[in-house]
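*Asks:* Below is the sequence, then the predicted model.
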There are 2 protein chains.
Amino acid sequence: MRISKLVGERIKEVPNGATLKSHILLLRAGYIKQVSTGTFTLMPPAMRVNQKIQNIIREEMDALGGQEVLFPVVMPRELWEMSGRYSSIKEEMVRLKDRTGHDMVLGMTHEEAAVHMALNTVKSYDQLPFMVYQIQTKYRDEARPRGGLIRAREFTMKDAYSFHATQEDLENYYKKVYEAYFRIFKRIGFKKFTAVKSDTGMMGGKVADEFMAVTDVGEDRLVICPHCGYASNMEVAVSVKDENDHTVSGEMEEVFTGNAHTIEEVCAFLEVDAKHTAKAVCYQTSDHRLVVVFLRGDCDVNEVKLQKIAKSELLPVEVEEFGLCAGNIGCVNLHVPAESVVVYDATLQGLENFVTGANKKDFHLKNVSASRDLNGVEFVDVSLVKESEKCVKCGHELTLTRGIEIGNIFQLGTKYTASMGMKVTMPDGTAKEPVMGCYGIGVGRSLASIIEEKADDKGLVWPMTIAPWHVHLCPLRMDDENVSALAEELYRNMQSAGIEVLYDDRNVSAGVKLTDSELMGLPIRVLISPKTIANSQAEVTMRESGEKLFINFGDLISELREMIRGEIEEIEK
Amino acid sequence: MRISKLVGERIKEVPNGATLKSHILLLRAGYIKQVSTGTFTLMPPAMRVNQKIQNIIREEMDALGGQEVLFPVVMPRELWEMSGRYSSIKEEMVRLKDRTGHDMVLGMTHEEAAVHMALNTVKSYDQLPFMVYQIQTKYRDEARPRGGLIRAREFTMKDAYSFHATQEDLENYYKKVYEAYFRIFKRIGFKKFTAVKSDTGMMGGKVADEFMAVTDVGEDRLVICPHCGYASNMEVAVSVKDENDHTVSGEMEEVFTGNAHTIEEVCAFLEVDAKHTAKAVCYQTSDHRLVVVFLRGDCDVNEVKLQKIAKSELLPVEVEEFGLCAGNIGCVNLHVPAESVVVYDATLQGLENFVTGANKKDFHLKNVSASRDLNGVEFVDVSLVKESEKCVKCGHELTLTRGIEIGNIFQLGTKYTASMGMKVTMPDGTAKEPVMGCYGIGVGRSLASIIEEKADDKGLVWPMTIAPWHVHLCPLRMDDENVSALAEELYRNMQSAGIEVLYDDRNVSAGVKLTDSELMGLPIRVLISPKTIANSQAEVTMRESGEKLFINFGDLISELREMIRGEIEEIEK
C-alpha cells in the first residue's frame, strides 16, 4: 500500500474528548473516524487489524469444531419474548418498528436466534454436541460510550453457542473453549490478560468466566491472588474479611452527634475509627421497596451481589419516604415497612464496641455489640473485597487491579432451550432440553486493549500477528533518483515475497516520515537514504524494542521474511 | 465436515410460501432458515458459499486498488440530512431513536458515510483517485420481500465508493470496475448474465449500469439486441418504434361508444385494431397534480421515464376530481387544470385515422390525425419497449427477457461531495468537489441467482468456485466395517490433501444418502460401497453433468485434486 493513496491522515494534536491512549492514537494515526457518539468508521489500517483478529478467532473456533453461521441483526419481538428478554433487557437494546408497525430489535446477542435455528432441525441427542458461531456487527445503546473502541455502541463481535445433551458434556466443552480463549488472546499478542470468575448478568446461567486485558484504565475491578491464582471480577469476588478487633462492648449508649451524618463526619465527631462503626447504605427496588445494607464503616457495598439478594435493580431512594432518619440510620431498633430488604454484611459479624445510627435525628449509638445487640441476624457477604483481605482458597493476601473485558464465556444451562421449547430425543426415548454454553469475544475491544497494553508515547505498537502491515518502507529523500528507484524496487520485491508493506512514497521531510512511522506502529521499519545506499544497506528498526540493525540489500528480503516468521512464532508459541 | 454434526436438516416437502427454485432449495437443503419476513439465518453451508463469494469480490476489489473499510450500520440523521436523502428516501429506510431520543437510520447504502470519512482527511488532488469498499450486512425495509435471498430485507452487500479529481478520471475507473464485475460474476460461476443500462434511482447521478442474472423469474425486464449487444433495463430502454400505417384520415367524427371504456372494449365495439387508437393513462403527482399520458392503444407506459418528466412519484388518481370523463379521455380538445402534466408518446407521431376518447361521456372520436389534429404537440418516449421494435443502434429486432439485479454501478458526479461540502485543492490552487462513483454487489442475491441458473429438479448445483465443499463423500452400508474404516481413512486423507469434504457418516439407507447428496449440490460425489471396494474403486459422479467414472483408490486423492483445480480454472479462464 502506498501511503500517498491511503485514506486517512495522521495528526499531532490530541483529539477533543479522547482520554484513553487507544482512542487518542487510533484517531491520531488515521485508523478510525467517529461518525456519532460511540460509532466509528474503521479506516483501512484498522480494518486490516480487525480482519487479522477475526482470522485468529475463526481458526480457533474451527479447531473446536465450530460451524460459522450468520444470524440476522434485526430480529422480531416474538423471538425475544420467548426467552423473556424483550422485557428484561432495558434501554441498551434498540427497538424499532418495520413499515407494517411490527416490533423489531437490533440483536445485541443471539442466544434466541441460535435456539431458533436449532429448533426442529436438531431433534436427536446424536446430533449433539455442536457449536455455531458468527462474527458480526452488533449494536448496544450504551448509556456511556467511552474510549473509542473500548466501549462503542456499534462493534464487531464473535459470538458462539454450543448445545449439549448433558451438563457434564457442556462442562467438558466449556473447558476446551476456555483453553482456546487463552490461545486466541495470546495469538493476538496480549501478555497481560487473565481469566476471572464473573457474574452471569443478562445472559442467565450459573457459571461464567471473563477474559480481561489487565490495565489501569479498565472499567472492571479485579481481585487476584498472586499466590494460588484465584482471580475474580470484583462483582462476584469473595474473600476472608479482616478479623474484627476483640474488644468488649460496654453498655449501649445514645450520644448526640448533631450535624455529623456521613460516616467520616461521625468518626471525626466521636473520634472513632471507621472500623468501629456500622454504616447504612440505602436503595429502593424498581417496585418501590426499601433496601438497607449495614456494613462496617470502612467497607463499600457490592451492588451486584446486593441486586441478587434484592432480586431487583437498585435505585436511589429518599429514605424519609420510608420513615427513616437520613444520617442517623442504625442497625439496632430499626423500623421499616414489612416488605423491605434489610441486609447485614459479614463485616459486622463479631464486631464489638461499635457506633451506629440511633434511628433518631441527631443521635448515634455507642458501644454496640453484634453478638449482644444483633441477635438472630443472618450475616451475608455484600461488601466489596478490599486490598488487605485474604484469599478464601489459600489465605494469602489479595491484589486488586483493573481490566477491560475482551471475552466472556457462560454456562447457560437450559434457560433458552426450556423457554423456547427446544427438546431432543435421548437414547432412552425421553425428550430433554439441551444445555447451552455461549462464548463472546469483542473484536474491536481486543484491538483497542492491545493498544492500551503495548503503545508507547510515540504511537501505536502492533504485535506481528495482527499488524496491518508487517513492514513500513521509509525512503528518505525521495527527490533523489537513486532513492526513489530503489524504493520502488524494494516495494515490488517485498510484495512479491509476500511481505505486507506500507510504502511511504511521499516526498516529505525525514521528520514527518519518521514521526508517522512511529505513530502508525508497524513492527519493522525499513529505512533507506542516500547514506544507507552508499553502504548498500538498509537501516531496519524494530518498533517495539527500538533495536536497530543494518542489512545488506542482497539479504534484505530473506532476512525480513525470517524476522516476520520468527516473530509470529514467538508470539504464538 | 461430518454430516451427522452439520446443523440443519434436509426435507422433501416444498416449504409453505416458497415459489422460487432458489428459495425452495435453500430451505429444503438446510442452507437457510427464515427468522421473520425477509430475514434469514445463514446456516453453515450457505455461510460457506457466502464467504467464497465474498473472497472473490474482495480479490477483485483489491486488484482495483480498493481499500477495505467498515462503515457504521446505525448512522445519525444529520449525515443523511446533509445529502438530502433523510427525506427523499421513504419507508425502505429504517429509522429509530437512540436512548437519548436522537434520530438514527439503518444504513441501506453508504455514500454519506464514505464522504464523511474522506471529509478533512482527503484534502488534495494528489490523494485522488482512491476507492474504498466494505462487505457488510444491510437492511432495507422492503415492501414485498420475496424469493428468500432474492429480495430479502437483511442481506450481505459489497459497496464501494471511488473519488476522482475529474469526470474523465471517473469514467476511466468506471470502465475498469465494469470489467472487474464481469470477472467477478464469471468467477462466481454465472454463464447467463449481462450488463444493462439502468436508471440511477435514489443514488442520483447520470450514468448507471446494472449487472443482471438472466432468468425468467427475474423482476426486472430487460431489452437486448442480440445483433449489436445493446442491453438495457426496460426502465430506461429506447427503441425504434413500429412505423405507423400510412393511411389517410377522413374527417374527424364523434361516435357513440356507450359503456365501452377500456381500450379493448372500444376496439371491439368499433372493430378497430388497438394500433389505430390513442389511449389515455392517468396518474397524480404527490403534490396532487394531474398526469395524463396519451399513447398508442397497444403500448404501455414506462413509469420510470414518466416519473422523470413529472418530477414526482406517480400515484393513482380519480380523474373525475380533475373534471375528466373516465373511459372517454382523448387527446383532442382535452381540458385540464393549468398545472397538469400532459404527455404525448412517440408512438402517436405520424399516426393517422385513429380513435381516441371524445372527452365526453359515452363518445369517442374517429378519423383522428396526428399531423392535423395534434398540431404543435411535442412527442416524447414514455412507452415500454415491445418485442417487435428495433434497436436504435443497429436497427435489428430487439429481444425482451428478464433478470435479477446482482450488481450495479453508478457515476454519481458531485451530488454527495457538493451537498456535504467536500473539496480538494487542485494543482492550480483552486478548490474542487471530487466526482464519485459507487459500486454494489448483492452477495446473498448472487448466491440465490446462481441457483436459479444452475439448479435442477433434484436439487442444488454449485459451481466449484463457490461450492460449500468440493466433495460429498458418500459411503453406503456404514454398518459394514470395511466401508466405515475406509470412509474414515478417505475423509482424513481428503482433509490433509486440502480437499473440502462433506462426509456423510450416517448409517442410513442408500436412498437417503443419494437424495441428500443431490439436494445439497456439491460438485463431486465420491461413493464407496462393499461393491466398489471389491474392485478397489470409488464411484465418482459429477453433480452438474451426471458424468460418472470409477477411480482406483490409489489414484483417488490426486485425481480429485486435479478435477477440482481443473474445474476452477475452467470457470475462471
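*Replies:* Received the coordinates, thanks.
*Asks:* Report the beta-bridge partners for A:Phe40.
*Replies:* A:Gln34 (DSSP bridges).
*Asks:* Can you name the residues that contact it?
*Replies:* Residues in contact with A:Phe40 (Cβ atoms under 8 Å, 6 or more residues apart in numbering or on different chains) are A:Ile32, A:Lys33, A:Gln34, A:Gly148, A:Leu149, A:Ala152, A:Glu154, B:Pro72. To be clear about C-beta, it is placed using only N, CA and C from the backbone, and glycine gets the same treatment.
*Asks:* wait, the first one sits on A:Thr41?
*Replies:* Yes: in this structure, A:Ile32 sits in contact with A:Thr41. The criterion is Cβ atoms under 8 Å, and the distance is 6.6 Å.
*Asks:* Return the residues of the stretch 151-300 of chain A in contact with chain B.
*Replies:* A:Arg153, A:Glu154, A:Thr156 (Cβ under 8 Å from any Cβ of the partner chain).
*Asks:* go with 6 Å
*Replies:* Neighbours of chain B within the stretch 151-300 of chain A, by Cβ under 6 Å from any Cβ of the partner chain: A:Glu154.
*Asks:* Report the residue spans of the stretch 151-300 of chain A with pLDDT below the cut-off.
*Replies:* Where the stretch 151-300 of chain A drops to pLDDT under 70, the residues are A:202-205.
*Asks:* quick one on the thing from earlier: between A:Ile32 and A:Thr41, which has more neighbouring residues?
*Replies:* A:Ile32 (27 against 24; other Cβ atoms under 10 Å in any protein chain shown).
*Asks:* Alongside chain B, which residues does chain A contribute?
*Replies:* Within chain A, the positions near chain B by Cβ under 6 Å from any Cβ are A:5, A:7-9, A:33, A:35-36, A:39, A:41-44, A:47, A:67-74, A:76, A:91, A:94, A:96, A:98-99, A:117, A:121, A:130, A:132, A:137, A:139, A:141, A:154.
*Asks:* coming back round to it: return the subset of the contacts of A:Phe40 lying in strands.
*Replies:* Among the contacts of A:Phe40, the members found in strands (DSSP state E) are A:Ile32, A:Lys33, A:Gln34, A:Glu154.
*Asks:* surely the last one meets A:Thr39?
*Replies:* In this case it means A:Glu154. Yes: the pair A:Glu154 / A:Thr39 is scored as a contact, 4.7 Å apart, by Cβ atoms under 6 Å.
*Asks:* any idea how far the nearest residue to A:Leu460 once chain neighbours are set aside is from A:Ala18?
*Replies:* In space, A:Leu460 comes closest to A:Gly521 once its chain neighbours are excluded; the distance is 2.8 Å by Cβ to Cβ, 6 or more residues apart in numbering or on different chains. A:Gly521 sits 17 Å away from A:Ala18, taking Cβ to Cβ, to the nearest Å as the criterion.
*Asks:* Specify which residue of these two has the higher count of neighbours.
*Replies:* Here A:Gly521 and A:Ala18 are compared on neighbour count by other Cβ under 10 Å; more neighbours surround A:Gly521, at 26 against 18.
*Asks:* Which pLDDT does the model give the more buried one?
*Replies:* In this model, A:Gly521 is scored at 98, pLDDT.
*Asks:* any residues in contact with both of A:Glu154 and A:Thr39?
*Replies:* Common contacts of A:Glu154 and A:Thr39, defined by Cβ atoms under 6 Å, 6 or more residues apart in numbering or on different chains, comprise B:Pro72.
*Asks:* Can you read off the pLDDT for A:Gly376?
*Replies:* Per the predicted model, pLDDT is 87 at A:Gly376.
*Asks:* Just say helix, strand or coil for it.
*Replies:* Of the three states, A:Gly376 takes coil under DSSP: H, G, I helix; E, B strand; the rest coil.
*Asks:* how near is it to chain B?
*Replies:* 45 Å (Cβ to the nearest Cβ, to the nearest Å).
*Asks:* Pop out the phi and psi values for that residue.
*Replies:* Phi and psi for A:Gly376, reported as degrees, to the nearest 10, are phi 80, psi 0.
*Asks:* Please go through chain A and pick out the longest strand.
*Replies:* Chain A, longest strand under DSSP E: strand A:399-413.
*Asks:* which helices and strands sit right next to that strand?
*Replies:* Secondary-structure packing of strand A:399-413 (3 or more Cβ pairs under 6 Å, 6 or more residues apart in numbering or on different chains; DSSP states H and E): helix A:167-188, strand A:207-214, strand A:220-224, strand A:435-442, helix A:443-454.
*Asks:* May I see those arranged in CSV, with mean neighbour count as well?
*Replies:* Listed next are these as CSV, based on neighbours: other Cβ atoms under 10 Å in any protein chain shown:
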stretch, mean neighbour count
helix A:167-188, 18
strand A:207-214, 24
strand A:220-224, 21
strand A:435-442, 25
helix A:443-454, 26
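*Asks:* Identify whichever of those lies nearest to B:Val526.
*Replies:* helix A:167-188 (30.9 Å; Cβ to Cβ).
*Asks:* sorry, back to before: how about the residue nearest to A:Leu460, what does it touch?
*Replies:* Listed by Cβ under 6 Å, 6+ apart, the contact partners of A:Gly521 are A:Gly459, A:Leu460, A:Val461, A:Trp462, A:Arg543.
*Asks:* swap the cut-off to 10 Å and go again
*Replies:* Taking Cβ atoms under 10 Å, 6 or more residues apart in numbering or on different chains, we find A:Gly521 in contact with A:25, A:29, A:31, A:45, A:49, A:451, A:454-456, A:458-463, A:467-468, A:472, A:543-544.
*Asks:* next one: A:Gly201
*Replies:* A:Ala208, A:Glu235, A:Val304, A:Asn408, A:Phe410.
*Asks:* Point out where chain A drops to low pLDDT.
*Replies:* Within chain A, the stretches with pLDDT under 70 are A:202-205.
*Asks:* For the closest residue to A:Asp287 other than its chain neighbours, give me phi and psi.
*Replies:* Spatial nearest neighbour of A:Asp287, excluding adjacent residues (Cβ to Cβ, 6+ apart): A:Ser312 at 6.8 Å. Dihedral pair for A:Ser312: phi -170, psi 160, per degrees, to the nearest 10.
*Asks:* Ok, A:Ala538 next?
*Replies:* With angles defined as degrees, to the nearest 10, A:Ala538 sits at phi -110, psi 150.
*Asks:* what about it, neighbour count?
*Replies:* With other Cβ under 10 Å as criterion, A:Ala538 counts 26.
*Asks:* need the contact list for it.
*Replies:* Contacts of A:Ala538 (Cβ under 10 Å, 6+ apart): A:473-475, A:486, A:490, A:525-529, A:532, A:549-553, A:555-556, A:559-560.
*Asks:* Of those residues, select the buried ones using a ChimeraX command.
*Replies:* Here is the ChimeraX command that selects the buried residues among these (16 or more other Cβ atoms under 10 Å in any protein chain shown):
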select /A:473,474,475,486,490,525,526,527,528,529,532,551,553,556,560
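*Asks:* hang on, the earlier thing: take the residues of chain A next to chain B and keep only those in helices.
*Replies:* The helices, defined by DSSP state H, take in A:Pro44, A:Met47, A:Met117 from the residues of chain A next to chain B.
*Asks:* Between those residues, which sits nearest chain B?
*Replies:* Each of these was scored against chain B by Cβ to the nearest Cβ, and A:Pro44 proved nearest at 4.0 Å.
*Asks:* Next, count neighbours for that closest one.
*Replies:* A:Pro44 is flanked by 21 other residues according to other Cβ under 10 Å.
*Asks:* Break chain A down into its structural domains.
*Replies:* A:21-232+A:400-452, A:253-299+A:309-380, A:471-572 (automatic domain parsing).
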